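Enquirer: one predicted model, sequence on top.
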Amino acid sequence: MEAAFYTLDGTGRAVCGLCPHRCRIEKGHYGRCQTRYFDGTTLSALNYGKVTAIALDPIEKKPLYHFHGGAAILSLGSWGCNFTCPFCQNWQISQQPASSRDLTPEEVVALAEKYVPQGNIGLAYTYNEPTLSYEFILQTARLMKERGLFNVMVSNGYIEKGPLQALLPYIDAWNIDLKGFSEDFYRSQCGASLKPVLETITAAAAASHVEVTTLIIPGKNDDEEPMDGEARWLAAIDETMPLHLTRYFSPLPGYDAYDAHRYPSAAGRHCREVPAPRLYRKRMTDGLLIFPIVLTFILHARFIMI
């Protein structure tokens, strides 16, 4: 599938315009995300229609706690990511090509409609970074809207303005990972930049429902000053915008330096808490642990054979 949003620079390279990395790709090479390949003539989207995971999930697992609470949503992912976070939990599909099955947009929409009687309200693009499946998602999302079903993006928000504006009319809700609130964190931990993510949150919030998630990593993004700044910034956009704080669990034995009360206290001063309508509600002063999310996945996700 030919990639959208690229140009040829006149020196034999393709310039990808999908994300702010704007990779300049030589013939026979790949972009940073590994999903874009240039053969010297055409930039191809290698992960078009490649589905690595699909399940019928509770909407709260995205997490979206204030968008059709109690509903289910068909969730699917591909492979590839434009970040290189060392703490990624889905690295098997985000940092390398992964085993997958080919599906067309029409087949995915048919699956979504099949599970409507079981409470499905639409389709969530998730698991890896969905914006890298841009061409596939844009086609699928248009068909979903024609069927009266919802489209949900679970994304790192690292996308250029042009592609984002073309996609926004078809997306009903976003959960955007705001991984930290400093440029240094984004550069050192994600290999990216903070500003484009903030721009995506702002643009998406003006067009659809948005919730934000931040994973708190001890010693990396848990200083109170940037946490306080994040809370203030989000509240300035919309004081009712949900902010999900998830706890980091290190694989290293004996390492547990997380202070569960620091960030919620900072956020609580600037973001008005809106009661969540679901079973998975936890008070901000409790800290949002990763365990409820994991348990939700284990107990409620219904995996689909395709």
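Expert: Thanks, I have the structure now.

Enquirer: so how far is Val154 from Asn90?
Expert: 11 Å (CB to CB, to the nearest Å). In short, each C-beta sits where N, CA and C put it, glycine included.

Enquirer: shared neighbours, the two?
Expert: Tyr127 (CB atoms under 8 Å, 6 or more residues apart in numbering).

Enquirer: between these two, which one's more packed in?
Expert: Neighbour comparison, Asn90 and Val154: the larger count goes to Val154, with 24 against 17 (by other CB atoms under 10 Å).

Enquirer: how near is the closest residue to the more buried one other than its chain neighbours to Thr213?
Expert: Leaving aside its chain neighbours, Val154 sits nearest to Thr126 (3.8 Å; criterion: CB to CB, 6 or more residues apart in numbering). Noted for Thr126: a distance of 12 Å to Thr213, by CB to CB.

Enquirer: same check, this time on Cys16
Expert: Separation of Cys16 from Thr213 (CB to CB): 26 Å.

Enquirer: try Ala236
Expert: For Ala236 relative to Thr213 (CB to CB), the value is 19 Å.

Enquirer: give the burial count for His66, as a bare number.
Expert: Count around His66 with other CB under 10 Å applied: 20.

Enquirer: burial check on Gly70, number of neighbours?
Expert: Residues near Gly70, counting by other CB under 10 Å, number 12.

Enquirer: ok, which stretches of the stretch 101-250 of the chain are helices?
Expert: Taking DSSP state H, counting those that start in this stretch as the test, the helices found in the stretch 101-250 of the chain are 105-114, 134-146, 161-167, 183-185, 194-207, 224-237.

Enquirer: contacts for the second one?
Expert: When contacts are taken as CB under 8 Å, 6+ apart, the neighbours of helix 134-146 outside the stretch itself are 1-5, 18, 45, 47-49, 78, 105-106, 108-109, 112, 122-123, 125, 130-131, 150-151, 153, 159, 163, 166-167, 170-171.

Enquirer: strands - which of these land there?
Expert: Ala45, Gly122, Leu123, Tyr125, Phe150, Asn151, Met153 (DSSP state E).

Enquirer: surely the fifth one meets Tyr170?
Expert: If I follow you right, that is Phe150. No: counting by CB atoms under 8 Å, Phe150 stays clear of Tyr170, with 10.1 Å between them.

Enquirer: comparing the two, which residue is more hemmed in?
Expert: Higher neighbour count among Phe150 and Tyr170: Phe150, with 23 against 18, using other CB under 10 Å.

Enquirer: any idea how far Thr35 is from that one?
Expert: According to CB to CB, Phe150 stands 25 Å off from Thr35.

Enquirer: this structure - how does it break down into domains?
Expert: Per automatic domain parsing, the structural domains of the chain span 6-44, 49-303.

Enquirer: how far does the first one stretch from one end to the other?
Expert: Counting by CA to CA, to the nearest Å, you get 10 Å between the two ends of domain 6-44.

Enquirer: mind listing what's buried in that domain?
Expert: By neighbour count with 16 or more other CB atoms under 10 Å, domain 6-44 contains the buried residues 6, 13-21, 23, 25, 30-38, 43-44.

Enquirer: contact partners for the residue nearest to Val154?
Expert: Thr126 touches Lys62, Ser75, Leu76, Gly77, Val152, Met153, Val154, counting by CB under 8 Å, 6+ apart.

Enquirer: turn those into a markdown table, columns for pLDDT and distance to Ala98.
Expert: Below are the contacts of Thr126 laid out as a markdown table (pLDDT from 0 to 100; distance: CB to CB, whole Å):
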| residue | pLDDT | distance to Ala98 |
| --- | --- | --- |
| Lys62 | 95 | 21 |
| Ser75 | 97 | 16 |
| Leu76 | 96 | 13 |
| Gly77 | 96 | 9 |
| Val152 | 98 | 22 |
| Met153 | 98 | 20 |
| Val154 | 98 | 17 |
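
Enquirer: buried ones among those residues?
Expert: Lys62, Ser75, Leu76, Gly77, Val152, Met153, Val154.

Enquirer: so who does the first one touch?
Expert: Remark: with contacts taken as CB under 8 Å, 6+ apart, Lys62 is in contact with Ile73, Ser75, Ala124, Thr126, Val152, Val154, Asn175, Glu211.

Enquirer: the third one: neighbouring residues, count only.
Expert: Yep, that's Ala124 we're talking about. Ala124 has 26 neighbouring residues, counting by other CB under 10 Å.

Enquirer: do the same with the first one
Expert: Look at Ile73: counted by other CB under 10 Å, it has 29 neighbours.

Enquirer: surely it and Val116 touch.
Expert: No: applying CB under 8 Å, one finds Ile73 not in contact with Val116, separated by 10.9 Å.

Enquirer: please indicate which of the contacts of helix 134-146 are buried?
Expert: Buried members of those, counted by 16+ other CB under 10 Å: 3-5, 18, 45, 47-49, 78, 105, 108-109, 112, 122-123, 125, 130-131, 150-151, 153, 159, 163, 167, 170-171.

Enquirer: no further queries at this time; thank you.
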